[in-house]
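Chemist: Below are the sequence and a predicted model; questions follow.
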Amino acid sequence: MDKSFPLTGFSSLAIHAGHETDPRYAHQVPVYATSTFVFDDAEQGMRRFSGEEKGYIYSRWGNPTLAEAEEKIAAMETFSSDIKVKGILHSSGMAAISSLMIATLKTGDKVLSHYSLYGGTQELFNRVLPPLGMAGIIADLRDLNKAEDALRADPAIRMIYIETPANPTIQCVDIAALCALGKKYGKIIACDNTFATPYLQQPFLHGADFVAHSTTKFLNGHGTAIGGILLGRDAEFMNGHATKIHRILGGNGNPFDAFVLINGMKTLEVRMERHCSNAVAVADFLNKHPAVANVNYNGLATHPDYAVAQKQMRHPGAMMSIELKGGLKAGIAMMNKLQLCTRTVSLGTCDTLLCHPASMTHYGVPKEQREASGIGDGLIRMSIGMENIQDILRDLDQSLTVSQ
Ligand SMILES: *Cc1c(COP(=O)(O)O)cnc(C)c1O
């Protein structure tokens with residue numbers, strides 16, 4: 001609804017943006033569980049297909065429940081600015097990232113990215129892009145000289161693709177500096193903003209062209225659906241080519257998942273505040289714990305990317321990892337002793353999640369290769385939840401074994 005004043009609060013937008021008054025007066029957006037939308041007459045069908053009249057046709061092309069989620073995320077990503085972006089909801093974060101690559105790259109193009117990429121994205125670069133004549137190039141993008149050297153060395157690089165903060169050591173790269181560098185060389189800049197969420201970090205405000213999310217994580221916030229979104233600031237490209245590619249590839253979101261996502265996102269600000277204040281307390285506690293060799297958390301002044309995180313994030317986030325002095329044995333023991341925290345992969349839910357990559361996600365990966373990507377035997381990845389802090393600390397403390 002048009003208001004005589006602009007909404008200036010993040011949560012006001014998260015709650016209201018994209019919501020349309022329902023013709024049947026439903027307070028919340030209905031789950032439009034329908035594959036098609038009907039036409040009054042043949043002429044209306046014609047007007048819809050030609051684009052002369054706005055309206056829905058087929059749910060792979062668009063659906064009202066999905067539209068509310070898309071507009072909310074677009075509003076949050078551009079909060080406090082006058083930038084306008086368009087979002088396209090996808091069935092998963094990987095579908096959104098795949099759409100981005102297919103829509104922007106052509107045979108011969110390369111993507112420059114940092115080495116601590118999300119596993120699925122890494123696989124996309126390793127398995128999907130090469131047969132299409134595209135490739136990913138990895139450099140340490142925390143070092144701007146190395147980033148510039150890479151751009152100079154290979155003119156086939158078409159995109160800089162960044163993920164910050166990233167797994168498992170919570171490395172951060174400087175979004176504004178990489179956007180400036182990308183602009184200087186005429187490159188596309190895309191950012192996976194999943195770990196931070198738009199409440200903590202807004203890549204578009206630093207100059208990014210595209211933002212991708214796995215909405216499965218903090219945006220949904222309750223671990224109830226898989227989803228993703230691709231957002232872009234070039235309206236013509238997003239409404240034209242990117243929309244076409246999305247419709248053809250068919251990685252569309254579904255109305256029920258969009259509905260639970262919408263519900264989750266309304267509380268993003270209050271949830272992130274709690275996730276983050278708990279994370280700061282957990283990092284502090286573990287940093288002093290005798291069983292812990294190292295805490296990787298970008299909110300600790302000792303983290304190598306502390307300054308970058310302070311510059312571009314509202315809070316340092318709720319993701320961290322710890323390295324146990326006792327290695328593999330201590331990692332397995334800790335996982336088995338947990339009573340409150342949940343043993344699982346993924347992140348961004350109300351409960352605190354712990355994962356031991358050496359015995360779980362990376363069990364089959366050779367030790368040297370694992371260690372090269374920062375995953376030691378005793379590394380525990382943690383997504384700090386919203387339980388009361390004393391209970392989280394108590395569970396972590398009782399699960400840690402101090403070895404001699
Ligand atoms: C989970 C995740 C993805 C992939 O998202 P899905 O919804 O699982 O497809 C991409 N990037 C990051 C950083 C993630 O954490």
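Modeler: Everything's here; your move.
Chemist: dump the residue contacts of whatever residue of the stretch 101-250 of the chain ends up closest to the ligand.
Modeler: As assessed by CB to the nearest ligand atom, the ligand sits closest to residue 214 within the stretch 101-250 of the chain, at 2.9 Å. Glycine gets a C-beta too; all of them are placed from N, C-alpha and C. With contact set as CB atoms under 8 Å, 6 or more residues apart in numbering, residue 214 has these partners: 92, 93, 94, 96, 118, 192, 194, 227, 228.
Chemist: and if we set it to 7 Å?
Modeler: 92, 93, 194, 228 (CB atoms under 7 Å, 6 or more residues apart in numbering).
Chemist: So which bits of the stretch 101-250 of the chain are right by the ligand?
Modeler: 118, 120, 163, 192, 194, 195, 214, 216, 217, 226, 228 (CB under 6 Å from any ligand atom).
Chemist: Remind me which helix or strand residue 12 belongs to.
Modeler: Element membership for residue 12 (DSSP states H and E) is helix 10-16.
Chemist: Beyond that helix, next helix or strand please.
Modeler: Next element after helix 10-16 (DSSP H and E): helix 42-50.
Chemist: ok, residues contacting the helix or strand following that following helix?
Modeler: Next helix or strand after helix 42-50 toward the C-terminus (DSSP H and E): helix 64-77. Helix 64-77 has contacts (CB under 7 Å, 6+ apart) with 10, 13-14, 17-19, 29, 31-32, 56, 85-89, 198, 202, 204, 211, 229, 231, 253, 255, 258-259, 261-262, 265.
Chemist: Would you mind putting the CA coordinates of the next helix-or-strand element following helix 64-77 into PDB?
Modeler: Using DSSP H and E, the helix or strand that directly follows helix 64-77 along the chain is strand 86-90. Taking C-alpha atoms only, strand 86-90 is exported to PDB below (Å, rounded to 0.1, in the frame of the first residue of the first chain):
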ATOM      1  CA  LYS A  86      15.200  -7.000  -8.800                       C
ATOM      2  CA  GLY A  87      15.100 -10.500  -7.100                       C
ATOM      3  CA  ILE A  88      14.300 -13.800  -8.700                       C
ATOM      4  CA  LEU A  89      13.400 -16.600  -6.200                       C
ATOM      5  CA  HIS A  90      14.900 -20.000  -7.000                       C
END
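Chemist: Check which helices and strands the helix or strand following strand 86-90 is in contact with.
Modeler: Proceeding N to C from strand 86-90, the next assigned helix or strand is helix 93-104, under DSSP H and E. Contact here means 3 or more CB pairs under 7 Å, 6 or more residues apart in numbering; DSSP states H and E; on that basis helix 93-104 packs against strand 210-214, strand 228-232, helix 243-249.
Chemist: Let's have the residues of the stretch 101-250 of the chain next to the ligand in JSON lines, adding distance to residue 357.
Modeler: Shown next, in JSON lines, are those (distance: CB to CB, whole Å):
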{"residue": "118", "distance to residue 357": "13"}
{"residue": "120", "distance to residue 357": "15"}
{"residue": "163", "distance to residue 357": "17"}
{"residue": "192", "distance to residue 357": "19"}
{"residue": "194", "distance to residue 357": "18"}
{"residue": "195", "distance to residue 357": "16"}
{"residue": "214", "distance to residue 357": "18"}
{"residue": "216", "distance to residue 357": "19"}
{"residue": "217", "distance to residue 357": "17"}
{"residue": "226", "distance to residue 357": "21"}
{"residue": "228", "distance to residue 357": "23"}
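Chemist: could you redo the helices and strands packed on helix 93-104 as a markdown table and give each row distance to residue 349 and mean pLDDT?
Modeler: Formatted as a markdown table, these follow (distance: least, CB to CB, whole Å; pLDDT from 0 to 100):
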| stretch | distance to residue 349 | mean pLDDT |
| --- | --- | --- |
| strand 210-214 | 13 | 98 |
| strand 228-232 | 17 | 98 |
| helix 243-249 | 27 | 97 |
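Chemist: Would you agree residue 199 falls within a helix?
Modeler: Yes. Residue state for residue 199 (DSSP: H, G, I helix; E, B strand; the rest coil) corresponds to a helix.
Chemist: what number of residues lie near it?
Modeler: 25 (other CB atoms under 10 Å).
Chemist: Which one of the residues in this protein is closest to the ligand?
Modeler: residue 93 (2.3 Å).
Chemist: pLDDT score assigned to that residue?
Modeler: Reading off the confidence values, residue 93 has pLDDT 98.
Chemist: ok, now which ones touch it?
Modeler: Per CB under 7 Å, 6+ apart, neighbours of residue 93: 194, 212, 213, 214, 216, 228.
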